[in-house]
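**Student:** here are the coordinates; sequence isn't available:
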């Protein structure tokens, strides 16, 4: 299975993964009443991810690819569950608040990842990283104060939950390097599929929405899937906190696509979101400056 050990190659791979993910909010905004069919969305997206990844593993490793599921261990199960929870939380966040709020919550991933890696992997957090975390926290508080409405606050909380879930996934990728990463991602899709199935059955709902919505569910699942493949490929050569930092092209692109008049959404962030986002991005910019290889390989050279 392909794994990159050279940061010069891994960095652009992870950056491109973020660009693929950035089209997700735009796809959700094109859906018909996504807040009315969240479990059908989670069901369709999870199933798409599970099928595509298993097909990839089949062509990569042959019929014995299923044995990888016997090797994922606790790290794979926890990481897959964390990623599954992040996927579930995402739809509840973006359908209850603006795409900018949801994506800026996801922008806090490097700091949640750094804290989790510090607690569970004993990775050292420098003073500069603590400064970045404090600045990011100020930005998150400002955004929270601007989400006083009941639905907006719910969306904000789910956005933070999604960010934490993704951070759990990022940390577990580095917990046990022998854990099959693609199988972990496939397990996340399976987790969403099973959880959504239980919820749909318990609520007496149908499994599929309209053909239009179902196609968008699958499209989003495909974007997520290929982005996660690239993200997992590049993970071995990049430390956990920096890994999520590089994928933040998702945040920049996602806010831009739903604002760009060309796509017809015209979703403009409010004042608190802009101010809070400014603090958050200042913390990320400061953080990037203290990563020596990041300054060398991500710059304009």
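**Tutor:** Structure received. Just so it is clear, the structure is predicted and the values come from calculations on it, not from any experiment.
**Student:** chain center to stretch 56-69, what's the gap?
**Tutor:** 25 Å (CA atoms, centre = their mean, to the nearest Å).
**Student:** so for it, what gets flagged as buried?
**Tutor:** Using 16 or more other CB atoms under 10 Å as the test for burial, stretch 56-69 gives 56, 57, 65, 68, 69. Quick note: C-beta positions are derived from backbone N, CA and C, even for glycine.
**Student:** need the pLDDT of the nearest residue to residue 230 once chain neighbours are set aside.
**Tutor:** Among residues not flanking residue 230 along the chain, residue 17 sits closest, at 3.9 Å (CB to CB, 6 or more residues apart in numbering). Per-residue confidence for residue 17 comes out at a pLDDT of 84.
**Student:** flag every buried residue along the helix or strand where residue 17 lies.
**Tutor:** Assigned by DSSP states H and E, residue 17 belongs to helix 7-22. If you call a residue buried by 16+ other CB under 10 Å, then helix 7-22 has these buried ones: 7, 10-11, 13-22.
**Student:** show me where the stretch 51-200 of the chain has its helices.
**Tutor:** All helices of the stretch 51-200 of the chain, identified by DSSP state H, counting those that start in this stretch, fall at 73-94, 99-106, 109-120, 127-145, 150-175, 181-203.
**Student:** most tightly surrounded among those helices?
**Tutor:** Greatest average neighbour count among those goes to helix 99-106 (a mean of 27), per mean count of other CB atoms under 10 Å.
**Student:** and for residue 219, the neighbour number?
**Tutor:** A count of nearby residues for residue 219, using other CB atoms under 10 Å, gives 17.
**Student:** low-confidence stretches in the stretch 51-200 of the chain?
**Tutor:** Where the stretch 51-200 of the chain drops to pLDDT under 70, the residues are 147-151.
**Student:** which SSE is the nearest residue to residue 30 once chain neighbours are set aside in?
**Tutor:** Nearest non-adjacent residue to residue 30, counting by CB to CB, 6+ apart: residue 216, 6.2 Å away. Assessed by DSSP H and E, residue 216 sits inside helix 211-235.
**Student:** elements contacting that helix?
**Tutor:** helix 7-22, helix 24-29, helix 38-61, helix 150-175, helix 181-203, helix 240-246 (3 or more CB pairs under 8 Å, 6 or more residues apart in numbering; DSSP states H and E).
**Student:** what sits against the residue nearest to residue 230?
**Tutor:** Contact analysis of residue 17 by CB atoms under 8 Å, 6 or more residues apart in numbering lists 226, 227, 228, 229, 230, 231, 234, 247.
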